[in-house]
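In: Need the 3D shape of this:
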Amino acid sequence: MENVSPLPQSGPDHSETRLWNTLVHAISLTGLMTGVGFILGPLIVWMIQRERFPSVDQHGKESINLNLSMLIYQVGLVVGGFVVGVLTCGLGMWVAGVASLVLVAAHLVLVIVASAQAWSGGFYRYPYILRLIK
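Out: Sure thing, here's the model as predicted:
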């Protein structure tokens, strides 16, 4: 996989580093229950642990970029679906709804893949996202 690369593990215990690297990705799944966990969860973990664990800084930026991108894409689908839906008597809303479900499924898969890579000590670079935080 071209999006996977190892990160140097330095600082505190390697298993603790892997835990935080994994958590900064996996905690975005709380958004399924809260609606805001997609962005707030990774943001909180990243802000608290990025100085103690340098690799959390990289993982956190990647996770936050994914979740901000997904939010922007979903808003675009809703607005675009509404506009096209008005012009097509509802067909655009149906298509946007299906596309939204596909986007949610892709989001879940990407988070699981990145979490697994982080747990194994690697780094997963999400494809097709906006790099808003550098």
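In: When you work out contacts or count neighbours from here on, use the C-alpha atoms and nothing else.
Out: Will do.
In: tell me the SS of the residue sitting furthest away from the middle of the chain?
Out: Relative to the centre of the chain, and counting by C-alpha atoms, centre = their mean, the farthest-placed residue is C89 at 33.5 Å. Three-state assignment for C89 (DSSP: H, G, I helix; E, B strand; the rest coil): coil.
In: ok, now how distant is it from L101?
Out: 21 Å (C-alpha to C-alpha, to the nearest Å).
In: next one: V111
Out: Distance from V111 to L101, by C-alpha to C-alpha: 15 Å.
In: What of L66?
Out: Separation of L66 from L101 (C-alpha to C-alpha): 16 Å.
In: More neighbours: which of those two?
Out: Between L66 and L101, counted using other C-alpha atoms under 10 Å, the more crowded position is L66 (27 against 12).
In: So which elements touch the helix or strand where N21 lies?
Out: Using DSSP states H and E, the element containing N21 is helix 14-26. Other helices and strands packing on helix 14-26, by 3 or more C-alpha pairs under 8 Å, 6 or more residues apart in numbering; DSSP states H and E, are helix 37-49, helix 54-87, helix 91-119.
In: To L130, which of the ones you listed lies closest?
Out: helix 54-87 (5.6 Å; C-alpha to C-alpha).
In: distance between the closest one and the chain's centre?
Out: 9 Å (C-alpha atoms, centre = their mean, to the nearest Å).
In: For it, buried residues please.
Out: Buried residues in helix 54-87, counting neighbours by 16 or more other C-alpha atoms under 10 Å, are found at 54-70, 74, 77-78, 81-82, 84-85.
In: Check whether W20 really touches P54, as I assumed.
Out: No - applying C-alpha atoms under 8 Å, one finds W20 not in contact with P54, separated by 10.6 Å.
In: where does the protein have low pLDDT?
Out: 1-13 (pLDDT under 70).
In: what do you get if the cut-off is 80, keeping everything else the same?
Out: Residue ranges of the chain with pLDDT under 80: 1-13, 32-36.
In: so F123 sits in a strand?
Out: Yes - assessed with three-state DSSP, F123 lies in a strand.
In: That one pairs with what?
Out: On the basis of DSSP bridges, F123 is bridged to S5.
In: That one - how many residues pack around it?
Out: If we define neighbours as other C-alpha under 10 Å, then F123 has 24 of them.
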